[in-house]
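In: give me a 3D structure for the following:
(chains A and B)
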Amino acid sequence: MATDRVTDIWGARTPHGADTAWPVRVDQFLTDGVSESDVQHWVRGACLLCSNGCGLEVAVVDGRMVGVRGRAADRVNHGRLGPKGLYGWLGQQHDRLTAPLVRQNGRLVETDWDTAMARVVERSRSLLQTKGPLSHGFFTSGQLMIEEYYTLAMIGKGGIGTPHMDGNTRWCTSTAAAAFGESFGCDGQPGSYTDIDSCDALFLFGHNVAETQTVLWARMLDRLDAPDPPRLVCVDPRRTKVAERATVHLAIANGTNLALMNALVHELIAKGYVDRCYVDAHTIGFERLAEITAAATPQWAAAICGVDADDIRRATEIFGTSDRVVSTCSMGFYQSHQATAAACQVNNLHLLRGMLGRPGAGILQMNGQPSAQNNRETGCGPALPGFRNWGNPGQVDELARLWNVDPLVIPHWSPPTHGMQLFRYAEQGSIGFLWISGTNPAVSMPDLARVRRILAGDRCFVVVSDGYRTETSELADVVLPAALWGEKTGTFTNVDRTVHLQEQAVKPPGQARSDLDIFLDYARRLGLADRSGRPLPPWETPEEAFRAWQAATAGRPCDYSGLSYARLHEVGGIQWPCTAGAPDGTERLYVDGVFPSDPDVCETYGHDLATGAPVGEVEYRARRPDGRALLKGVGYQPPFEEPDDRYPMRLTTGRTVYHWHTRTKTARSRPLNDAAPAMWVEISEPDADRLGIGEGDIVRVTSRRGSIQAPARISFLREGVVFAPWHFGDDAANELTLGAWDPVSKQPEFKVAAVFVERIAAGTGRAPAPTNTAFAPVRPWDGATVQP
Amino acid sequence: MHLVTYLGFLQRTEETLGHSYRLVSRGHPADADVHYPTADFAAQCAAHADALAPVLARCNPATEAEPDRLHVEGADSHRAGPIGLLRDLQDLYQLATLVDSTWTLVRQAAQGARDRDLIQVTDRCVPQIAAQLDWLRMRMKAAAPQTLLVAE
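Out: Below you'll find the model as predicted:
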């Protein structure tokens, strides 16, 4: 099996200068023994293994997936695919859930759909009768289709009427959405991937793009390797592949992002880089922001962050003197302390220089998951469908009319319940019915010992829909087999608003069904109906669901009304808003400096960045945003859990390029799994020397929540920090993490905890970590002897 | 009653509020979004009480007896469970409202007395109490339906 793209992660370079087109490079992988001439069908779609959404075609022979090929004309990837895109689909071909399971005498046993659904519906009905809708919670994923999310949103919010709907998107991307809401009044990615083609500066804030969106890094590399590369600034505690190419690498201590950001804003203002015309015309709140950052000097921040004050000044100078700056921001900020405030400062830097709305000048607040964007848009997460404002009765009424339901059914007395609170209610027993779809919280949530107690307990009836048996399904009462990517037709949207249609290429295995069919079956059995007695939701097929979704978005910032399955099939990726006036989609937002902050339009009135308390409608109106952006900020506060004598080191968590999330798919793809087969932890050379740890030695890492053991990789990580990949369910990183969250986005603080590390035993070889990425070992491994 | 006596009342009430926040913080560790903010608010109350110390020090002592019932009871323990949390938050809200209204009256008197220093102290402290009240209101509102309709 030719799997050279495991070692050659980003593929061949195609350098190109600024303002020239990014060249095409078509990547393809067909499984052993299959050649192109054998392929019977090439089915169009896009990859669902990261938030890039690379356009591709699935190769089918005799009703089975045999490979993939990038689509040359797709705006996202111009034909390229990453290692997960090329090899991840292999993991879908075996070990699948093919029949429903129900718990009997303490064990999960196979059964048929009618029996399984009867059990689900019986418990649902009984709780609705005795405790009402607030007894129900729905926890989904960032990997379902628009049609599925919107179906569930209507079921949950319009049929049953529960506010307890969230997804694992809360763990990854809710901060991006929250920061947009605070700065612009509404969610929605301002920038476009094409901005990378013309920028002269690139800032990556807490974003190891080289390993998390490999094709996007390939696009950046193709500019970096050309004669006129952009200057690159990288904010990351680790020496990632991004950091290796950086003009300035700010290796800050995890938990100190806002100190750095406040200093960058301070310095931008102090050095006179602010575009006063743009700020006066298009923003409010400058004076207050200047006040908040007045004392945040580079020296002050340097001491907190553990970096050179001069590097902070250099980074500011690059931001301040470049013509076209693109910033990306990701988990290093979103899963850390004061996440929303730090992400808002990224927005603020661009607003202060008027650096958005034109080619090469843009913001890309990243999504982690392939359809996380849609979880946010459709009302399965932090907002009502179509980025509607739960605090605006007019918008709620509009949704109620669209759905033909009583507006009082749609919960809008507080924001939708966020994931951590949802699980808290399940822990306390007030949520007695919890349906988990396409996600594995028994590995991906913080403080896993507590999560397992919640799921395994008898206070809450747990339904799990998934493609595989997972750590979470093993704790469920009913397990439903779900179809995966390529086994169903549906649409999804990537980081830069590009919508793709994935057409069904093969049938799902055994009795597995699409999440759309499973949710509709549940709704029909429950007898959900609208005010006129018609079945709710009023559709049966994906295309009908998509058309209903389009109607829900018409006139809202995320407008899909000009799209269709036919157009998406023909073109590939198209960006929203796509309307009659913009039939080919829209490259970037806010080109005229007008933002969706008008009180009648906005998705949110915003929050106090320190406490998360919502700004009321009256107070918001009094600020007179009038279509201007809001420059919001807050002072730096130390993290919830700082190192101390007992737990002297900082823990951070993250990913490797070879695995997706909890490895349900990628562990089953041999080329990917072989590249990273088992758990490890990463430690710096000075710390390893101090603790007497050699490469590969078994170490124990302990926090106030628990402890894990794994082989150590000695890397170029900054001193004082320990890194643990969170993909593995045994000796899981999240045994250690803290169950606290950002006050505005409610996103858990995965990347900031205090731990102590001790050597337990000698290792038997090099740690099972990849050697060709951020995990590169400091000293070359000598297989014969254990190196000190 | 003289301003100095009222300032002493304000300082003690801030301390009582701070003590109550600390109790609630320690009493609800499983609700991280209550545990951490209330600890922060307790620190704010301590800072407010400290800020009043120099003001009190430079005032002439009161020449009258303190009026009766010029003190307020804070919590001496936290309550358990969802309804316990809701009631703890409501008690905090009541106490914080008293602190807030006392500051308002102090500020009125400070203006009347042309005491710039005291005006500045109130300007620094009052927004924090307003933010505490906003947070308490938000957190109670979010918890109320679940607690009153479904919790055991």
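In: mind listing the helices for the stretch 301-450 of chain A?
Out: Assigned by DSSP state H, counting those that start in this stretch, the helices in the stretch 301-450 of chain A fall at A:309-321, A:331-334, A:339-352, A:372-378, A:393-403, A:419-428, A:441-444, A:448-456.
In: from the middle of its chain, how far away would the fourth one be?
Out: Averaging C-alpha coordinates over helix A:372-378 and over its chain gives two centres that are 10 Å apart (C-alpha atoms, centre = their mean, to the nearest Å).
In: that helix - contacts with which helices or strands?
Out: helix A:146-153, helix A:169-172, strand A:490-493 (3 or more C-beta pairs under 8 Å, 6 or more residues apart in numbering or on different chains; DSSP states H and E). C-beta: built from backbone N, CA, C; applies to glycine.
In: partner strands of the helix or strand that the last one is followed by, with direction?
Out: Think strand A:490-493. Where DSSP states H and E defines the elements, the next helix or strand beyond strand A:490-493 is strand A:498-502. Applying DSSP bridges to the sheet, strand A:498-502 is found paired with strand A:490-493 (antiparallel), strand A:574-575 (antiparallel).
In: residues making contact with strand A:498-502?
Out: A:44-46, A:48, A:53, A:55, A:75-76, A:145, A:193, A:485-486, A:489-494, A:560, A:563, A:565, A:568-569, A:572-576, A:578, A:585 (C-beta atoms under 8 Å, 6 or more residues apart in numbering or on different chains).
In: next SSE downstream of it?
Out: Under the assignment DSSP H and E, the closest C-terminal helix or strand after strand A:498-502 is helix A:515-526.
In: gap between the helix or strand just after that following helix and the chain center?
Out: Remark: after helix A:515-526, the chain's next helix or strand is helix A:542-553, criterion DSSP H and E. Chain-centre distance of helix A:542-553: 24 Å, with C-alpha atoms, centre = their mean.
In: check which residues of helix A:542-553 are buried.
Out: The neighbour-count check on helix A:542-553 (16 or more other C-beta atoms under 10 Å in any protein chain shown) flags A:542-543, A:545-550, A:552-553 as buried.
In: contact partners for the closest residue to residue A:324 other than its chain neighbours?
Out: Nearest non-adjacent residue to residue A:324, counting by C-beta to C-beta, 6 or more residues apart in numbering or on different chains: residue A:360, 3.1 Å away. By C-beta under 8 Å, 6+ apart, the contact list for residue A:360 reads A:18-19, A:195, A:197-200, A:323-326.
In: show me the two of the residues you listed that sit farthest apart.
Out: For the contacts of residue A:360, the farthest-apart pair by C-beta to C-beta is A:19 and A:325; their separation is 15.2 Å.
In: how far is stretch A:74-88 from where the chain is centred?
Out: Offset of stretch A:74-88 from its chain centre (C-alpha atoms, centre = their mean): 18 Å.
In: and it, how far apart are its ends?
Out: End-to-end span of stretch A:74-88 (C-alpha to C-alpha, to the nearest Å): 20 Å.
In: tally of neighbours for residue 4?
Out: No chain in the question, so chain A it is. When neighbours are defined as other C-beta atoms under 10 Å in any protein chain shown, residue A:4 has 11 of them.
In: not what I meant, chain B
Out: 16.
In: and it, how far from residue A:507?
Out: 83 Å (C-beta to C-beta, to the nearest Å).
In: contacts only, for the residue lying closest to residue A:513 once chain neighbours are set aside.
Out: Residue nearest to residue A:513 in three dimensions, not counting chain neighbours: residue A:483, with 6.0 Å by C-beta to C-beta, 6+ apart. Listed by C-beta under 8 Å, 6+ apart, the contact set of residue A:483 reads A:467, A:508, A:512-515.
In: who wins for neighbours among these?
Out: residue A:515 (27 neighbours).
In: distance of the closest residue to that one other than its chain neighbours relative to residue A:402?
Out: Leaving aside its chain neighbours, residue A:515 sits nearest to residue A:148 (4.3 Å; criterion: C-beta to C-beta, 6+ apart). When C-beta to C-beta is the yardstick, residue A:148 and residue A:402 sit 19 Å from each other.
In: got the residues of chain B near chain A?
Out: Within chain B, the positions adjacent to chain A are B:30-33, B:35-37, B:40, B:81-82, B:131-132, B:134-135, B:137-138, B:141-142, B:145-147, B:149-152 by C-beta under 8 Å from any C-beta of the partner chain.
In: in PyMOL, select just the buried ones from those.
Out: Burial among the residues of chain B next to chain A is assessed by 16+ other C-beta under 10 Å; the matching PyMOL selection reads:
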select buried, chain B and resi 31+32+33+35+36+37+40+82+131+132+134+135+137+138+142+145+146+147+150+151
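In: mind listing which of the residues of chain B next to chain A are in helices?
Out: With helices taken from DSSP state H, the overlap with these comprises B:32-33, B:35-37, B:40, B:81-82, B:131-132, B:134-135, B:137-138, B:141-142, B:145-147, B:149.
In: contacts only, for residue A:588.
Out: A:190-192, A:195, A:356-359, A:362.
In: now do the SS call for it.
Out: coil (DSSP: H, G, I helix; E, B strand; the rest coil).
In: skipping adjacent residues, who's closest to the residue in chain B positioned nearest to chain A in space?
Out: Of all residues in chain B, residue B:134 sits closest to chain A, at 3.7 Å by C-beta to the nearest C-beta. Distances taken as C-beta to C-beta, 6+ apart place residue A:613 nearest to residue B:134, at 3.7 Å, with adjacent residues excluded.
In: count of residues packed around that neighbour?
Out: Count around residue A:613 with other C-beta under 10 Å applied: 22.
In: residue B:151 contacts residue A:427, correct?
Out: No: using C-beta atoms under 8 Å as the test, residue B:151 is too far from residue A:427 to be in contact (11.8 Å).
In: and residue A:772, what's its pLDDT?
Out: Note on residue A:772: pLDDT of 84.
In: sorry, that was for residue A:784
Out: Looking at residue A:784, its pLDDT stands at 47.
In: helices along the stretch 151-300 of chain A, start to end?
Out: Taking DSSP H, counting those that start in this stretch, the helices of the stretch 151-300 of chain A run over residues A:169-172, A:174-184, A:195-198, A:209-212, A:214-224, A:241-244, A:257-270, A:276-282, A:286-292, A:298-305.
In: so which of those helices gets nearest residue A:636?
Out: helix A:257-270 (4.4 Å).
In: any residue of that closest one touching chain B?
Out: No: judged by C-beta under 8 Å from any C-beta, helix A:257-270 and chain B are separated, with a smallest distance of 15.1 Å.
In: which helices and strands does that helix pack with?
Out: helix A:286-292, helix A:298-305, helix A:309-321, helix A:339-352.
In: can you pull the buried residues of the second one?
Out: This points to helix A:298-305. So helix A:298-305, judged by 16+ other C-beta under 10 Å, has buried residues A:298, A:300-302, A:304-305.
In: surely residue B:140 meets residue B:86?
Out: Yes: contact criterion C-beta under 8 Å: residue B:140 and residue B:86 qualify, at 6.3 Å.
In: any regions of chain B where pLDDT drops low?
Out: Scanning chain B for pLDDT under 70 picks out the ranges B:1.
In: where along the stretch 1-150 of chain A do the helices fall?
Out: A:83-87, A:113-130, A:146-153.
In: from the contact counts, what lies against the first one?
Out: Right, helix A:83-87. So helix A:83-87, by 3+ C-beta pairs under 8 Å, 6+ apart, packs with strand A:64-70, helix A:214-224, helix A:670-675.
In: what's the most buried one of those?
Out: Across those, averaging neighbours per residue (mean count of other C-beta atoms under 10 Å in any protein chain shown) puts helix A:214-224 on top, at a mean of 24.
In: isn't residue B:29 up against residue B:35?
Out: Yes: between residue B:29 and residue B:35 there is a contact under C-beta under 8 Å: 5.2 Å.
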